[in-house]
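**Student:** Dropping a prediction and its sequence here:
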Amino acid sequence: MRRFLDRLYLVAGGISAFCIILICLVVSAQILLNILARLGGPSLSFTIPSYADFAGFFLATASFMGLAYTLRRGAHIRVNLVVQLLPTRARMWLEVLTLAGGGVISAYATYYMADLLSQSWKYGDKSPGIIAIPLWIPQVFVVAGLALLTLAFVDTAIEALRKGAPVLVDEGGVE
């Protein structure tokens, strides 16, 4: 199960990284088209339809799909000034408490984002850009990312309880 979850988090992180590359490609292509229009005049004026919408959808996907991977890698911003002074057992309990709290908040956000997704599906909501994209498509990735984050919170809290020690370390992943 551990290997499956780690691979799942890694795949989500890979999707996140891929979306960041897509943002760079779409924005760079539009910049090149803008330069072409300035150099060649109005006859060479082209645009990528709804490129800002696509970049925004890729950004949402990258942000939410990367959350679980980032949590498991210990790369979320944390304040360790006080925590590092605590004994190991107290740090473990504080970690479990914060992971449980994060899991509850994440589950709450997942539930309501899934509700928004179902409403977008039901009512056929579309983006307002030149290319009308059904909003449920990018929302699926937001819900998936939040669900994975919830799973990662619970997974990490259980792991800390089993080890009897804190498991998250800065920028190095789970101990």
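**Tutor:** All right, it came through fine.

**Student:** And the pLDDT at G41?
**Tutor:** Per-residue confidence at G41 stands at 88 (pLDDT).

**Student:** My error: substitute E171 in the last question.
**Tutor:** 56.

**Student:** which helix is the longest one in the chain?
**Tutor:** Across the chain, the longest stretch assigned as helix under DSSP state H is helix 2-40.

**Student:** and the helix or strand following it, how far from the chain's centre?
**Tutor:** Per DSSP states H and E, the first helix or strand lying C-terminal to helix 2-40 is helix 51-65. In terms of CA atoms, centre = their mean, to the nearest Å, the centre of helix 51-65 is found 10 Å from the chain centre.

**Student:** Rounded mean pLDDT for helix 51-65, please.
**Tutor:** Here the average pLDDT along helix 51-65 is 97.

**Student:** Taking their axis directions, it and helix 2-40 sit at what angle?
**Tutor:** 160 degrees (axes from the mean of the first three to the mean of the last three CA atoms, to 10 degrees).

**Student:** Next secondary structure element downstream of helix 51-65?
**Tutor:** By DSSP H and E, the next helix or strand past helix 51-65 is helix 67-72.

**Student:** Provide the contact partners of that next one at residue level.
**Tutor:** 6, 8-10, 12-13, 16, 76, 145-146, 148-149, 151-153, 155-156, 168, 173-174 (CB atoms under 8 Å, 6 or more residues apart in numbering). All C-beta atoms are positioned from the backbone trio N, CA, C, and that covers glycine.

**Student:** ok, back up a step: got the buried residues for the longest helix of the chain?
**Tutor:** Buried residues in helix 2-40, counting neighbours by 16 or more other CB atoms under 10 Å, are found at 5, 8-9, 12-13, 15-16, 19-20, 22-23, 26-27, 30, 33.
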